[in-house]
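Asker: Model the following, please.
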Amino acid sequence: MRNLKTQERLTIIFSIYFFVFILMLGVIFLNMFRFMYTNQLKQDLVHEFAEVTTDHVSTDKAGIFFKKDKNGDTLRTHLFDDGVSALFLNKDKSVIRAYGMFEYKKISEKDKTQLYAHIDTSMKNNKVIESYGLWNNIEYIGLVSPFTYHGKPVGFMVLTKSFERVTAASSSAVSSLVFLGGVGLLGSFIMIYVFTKRSLRPLYEIRKAIEKTDLNKLQKRVQIEGHT
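Answerer: Model prediction:
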């Protein structure tokens, strides 16, 4: 860096500042995008929860039973159309029905333990709770709800939506930001180089003029006055 000219040094410094600025904007954009998308998924799940509990699921003393909606659509059709996975368990936490990603047979004990911990929390607090986790390497956001009949637990429901879309969209956004950042960095490097060259031109001309000056001749022309 010491061996670089002033113009080159300024160009590199300002280019680094520009790169850091673009990087910060990219991080903020991605976080905002994920935050907004997550909120949208929450709203979708709340709406889905209301539809499922109203049109497709009911309880009695025997437990949970399923029904078709007024249009004759089954719960499976409804969930498939809305891109939602669901898991239903009885009061002993044995699986009654599974839809979507919960239909996979081979599940890691870690994923299962995490989900069942959310179910226990929902049962303990007797309310719907949000849950986040992995199921068969699929990241999800979900709602976990206990079902009761006359105050007694008869089962549980888990509704989830995958983060696959937001992950894919984030990857595309990162690729776009990297490309645009690279183009912007190259463009800024060229622009800053040209700008600093023009800005420093008067200094270069002064330096050249000084270098061309013959100090010996200048000394002869200058008459130094002082006290003797």
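Asker: Please name the nearest non-neighbouring residue to the residue positioned nearest the centre of the chain.
Answerer: Note on the chain: the residue nearest the mean C-alpha position is Arg34, at 3.9 Å, using Cα atoms, centre = their mean. Leaving aside its chain neighbours, Arg34 sits nearest to Val166 (6.0 Å; criterion: Cβ to Cβ, 6 or more residues apart in numbering). (Glycine included, C-beta is placed from N, CA and C.)
Asker: Name the helix or strand for the one you found, please.
Answerer: helix 164-212 (DSSP states H and E).
Asker: got a list of what Pro153 touches?
Answerer: By Cβ atoms under 8 Å, 6 or more residues apart in numbering, the contact list for Pro153 reads 91, 123, 146-147.
Asker: That one should be in a helix, yeah?
Answerer: No: assigned with DSSP: H, G, I helix; E, B strand; the rest coil, Pro153 falls outside any helix and is strand.
Asker: From Phe88, how far out is it?
Answerer: 13 Å (Cβ to Cβ, to the nearest Å).
Asker: With Ser170 instead?
Answerer: 31 Å.
Asker: which residue packs closest to Ser131, ignoring adjacent ones?
Answerer: Nearest one to Ser131, counting by Cβ to Cβ, 6+ apart, is His118 at 4.1 Å.
Asker: Heading C-terminal from the host helix or strand of the one you found, find the next helix or strand.
Answerer: Per DSSP H and E, His118 falls inside helix 109-125. Using DSSP H and E, the helix or strand that follows helix 109-125 in sequence is strand 129-135.
Asker: Mind giving me the packing neighbours of that next one?
Answerer: helix 109-125, strand 138-149, strand 152-162 (3 or more Cβ pairs under 8 Å, 6 or more residues apart in numbering; DSSP states H and E).
Asker: chain center to it: distance?
Answerer: Computed by Cα atoms, centre = their mean, to the nearest Å, the chain-centroid distance of strand 129-135 equals 17 Å.
Asker: Same question for stretch 107-117.
Answerer: With Cα atoms, centre = their mean, you get 24 Å for stretch 107-117.
Asker: ok so, going back, of all pairs in the contacts of Pro153, which one is the farthest apart?
Answerer: Met123 and Phe147 (10.1 Å; Cβ to Cβ).
Asker: if we can go back for a sec, state whether the residue nearest to the centre of the chain is indeed within a helix.
Answerer: Yes: assessed with three-state DSSP, Arg34 lies in a helix.
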